[in-house]
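Chemist: Need coordinates for the below:
(chains A and B)
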Amino acid sequence: NAGVTQTPKFQVLKTGQSMTLQCAQDMNHNSMYWYRQDPGMGLRLIYYSASEGTTDKGEVPNGYNVSRLNKREFSLRLESAAPSQTSVYFCASSAQGGSNQPQHFGDGTRLSIL
Amino acid sequence: DAKTTQPPSMDCAEGRAANLPCNHSTISGNEYVYWYRQIHSQGPQYIIHGLKNNETNEMASLIITEDRKSSTLILPHATLRDTAVYYCIVRRNQGGKLIFGQGTELSVKP
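Modeler: Numbers count the residues shown, from 1 in each chain, chains lettered A, B, ... in the order given. Model (predicted):
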């Protein structure tokens, strides 16, 4: 029962470095999402993919790119990391974005940018 | 998506029912009410959702008022492991995006 798996769990980067956060789900879900969570705040949507081959911007897309590699995998890339991107990143998936099916979340990637 | 209002924090005694309220007075007819919780350092966990009828599953019950302007999440026998931030979210049956507010921090005490 892996559900949604995120790698790595922790990462420290220097300003300007690039990095890709990986997410994979084994529930045959069509839709996948990337959120970030900053201290004392709720989650904010960065990007989402309603289905394989499509991606759309969320609330806070600046500084990020995404790739829906296949139905299982949805990656988030920071091309030039900035301290403002220090956060906990959560990936989620749902059976169908246009349905009432709930989203299931991974345990997060804790990213610090110095 | 409709905005929700929740109390910032609540306490509950272990073994008692925890009743978490949520106001969503601007909810529209095609919007569902979802509840998630987040235990410290973990990803959000789906609890339950509903449209207008009351719902129950193995984790909780969801009571939605007849006018749908508010709802209550009920954890029937709270345990220490239920200590978490609980989020009430209202969204349309489309788009898939969840908008998380500040939630209610529930502390279950022995």
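Chemist: got the CA coordinates for the lowest-mean-pLDDT helix or strand in chain B in PDB?
Modeler: Lowest by mean pLDDT, DSSP states H and E among the helices and strands of chain B is strand B:84-92, with a mean of 89. Output of strand B:84-92 as PDB, limited to C-alpha atoms (Å, rounded to 0.1, in the frame of the first residue of the first chain):
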ATOM      1  CA  ALA B  84      -3.900  17.300  14.300                       C
ATOM      2  CA  VAL B  85      -4.900  20.300  12.200                       C
ATOM      3  CA  TYR B  86      -8.300  19.700  10.600                       C
ATOM      4  CA  TYR B  87      -9.100  21.400   7.400                       C
ATOM      5  CA  CYS B  88     -12.600  22.000   6.000                       C
ATOM      6  CA  ILE B  89     -12.600  22.600   2.300                       C
ATOM      7  CA  VAL B  90     -15.400  23.400  -0.100                       C
ATOM      8  CA  ARG B  91     -14.900  22.900  -3.800                       C
ATOM      9  CA  ARG B  92     -16.800  22.300  -7.000                       C
END
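Chemist: Residue A:20: which element?
Modeler: For residue A:20, the host element (DSSP states H and E) is strand A:19-25.
Chemist: in that strand, what counts as buried?
Modeler: For strand A:19-25, the neighbour count (16 or more other Cβ atoms under 10 Å in any protein chain shown) marks A:19, A:21, A:23-25 as buried. (Each C-beta comes from the backbone N, C-alpha and C, glycine too.)
Chemist: for stretch B:72-84, same thing?
Modeler: In stretch B:72-84, counting by 16+ other Cβ under 10 Å, buried: B:72-75, B:78, B:82-84.
Chemist: And for stretch A:59-71?
Modeler: A:60-61, A:64, A:66, A:68, A:71.
Chemist: neighbouring contacts of the helix or strand that the least confident helix or strand of chain B is followed by?
Modeler: Sequence-wise, the next helix or strand downstream of strand B:84-92 (DSSP H and E) is strand B:104-109. Around strand B:104-109, the neighbours that count as contacts under Cβ atoms under 8 Å, 6 or more residues apart in numbering or on different chains are B:6-14, B:18, B:20, B:78-86, B:88.
Chemist: Please list the members of those that lie in strands.
Modeler: B:9-13, B:18, B:20, B:84-86, B:88 (DSSP state E).
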